[in-house]
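>>> what follows is a predicted structure for the sequence shown.
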Amino acid sequence: MNLQPNHLSNHLIRLEPLQPMHFNELYAAASDPLIWEQHPNPNRYQKEVFESFFEGALESGGAFIIRDVDTGMAIGSSRFYDYKPLDNELKIGYTFFTRDCWGKGINKQVKTLMLNYAFIFIEKVIFHIGAQNIRSQIAIEKLGAKKVSEEMVAYYNEPDRLNFVYEMRK
């Protein structure tokens, strides 16, 4: 499984492999504090904190910049990570969107593209959702994921945080 296919797209959005040259435009999309208020690290809107998040995204080998098809503007990011071929599983997460995308079905569009691609290769997708991130918990449940456990998650250069673990099967 290629964790960064050349692109995943539909009529609304395009996911492109994240590259170092995308930092400024993705940070511009991420610099709104309200985006992060329920996330495990609510300070990711700060440039130095976002730099670490971005570095971790690049190192994951599965991160995407998400673009609006009509404007070409960066509207967020998501990633595939922790691929376990022997367990037939993969994680999807670290997703965020600009606030102008909220309530418009963009998360559903992104996750559907990612899930459809992932389920070509694996049987199970795991999502870690911050325990305080009610918006994301509701959104992932609407997609059909089921909460299966809770665990502390170590974030790249950030403190461990309590996450709810959701699962979706092919």
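Perfect, thanks for sending it.
>>> partner strands of the single longest strand found in the chain and their direction?
Longest strand in the chain, counting residues (DSSP state E): strand 74-84. Strand 74-84 pairs in its sheet with strand 63-68 (antiparallel), strand 89-97 (antiparallel), by DSSP bridges.
>>> can you put these in JSON lines and add mean neighbour count?
From N, CA and C alone the C-beta is placed, and that goes for glycine too. Shown next, in JSON lines, are the strands paired with strand 74-84 (neighbours: other Cβ atoms under 10 Å):
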{"stretch": "strand 63-68", "mean neighbour count": "24"}
{"stretch": "strand 89-97", "mean neighbour count": "21"}
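>>> so which of these is nearest M1?
strand 89-97 (7.4 Å; Cβ to Cβ).
>>> which is the next helix or strand following the closest one?
Following strand 89-97 in sequence order, the next helix or strand is helix 106-118 (DSSP states H and E).
>>> still on that earlier bit, can you pull the buried residues of the longest strand of the chain?
Within strand 74-84, the residues that count as buried by 16 or more other Cβ atoms under 10 Å are A74, I75, G76, S77, S78, R79, F80, Y81, D82, Y83.
>>> got the phi/psi numbers for the residue of the chain positioned farthest from its centre?
In the chain, counting by Cα atoms, centre = their mean, L86 sits farthest out from the average C-alpha position, at 22.9 Å. When read as degrees, to the nearest 10, the backbone of L86 gives phi -70, psi -30.
>>> one step back: reformat the strands paired with strand 74-84 as a markdown table; add mean pLDDT.
Shown next, in a markdown table, are these (pLDDT from 0 to 100):
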| stretch | mean pLDDT |
| --- | --- |
| strand 63-68 | 98 |
| strand 89-97 | 95 |
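>>> what's the local residue count around the closest residue to G61 other than its chain neighbours?
Residue nearest to G61 in three dimensions, not counting chain neighbours: L3, with 5.4 Å by Cβ to Cβ, 6 or more residues apart in numbering. L3 has 19 neighbouring residues, counting by other Cβ atoms under 10 Å.
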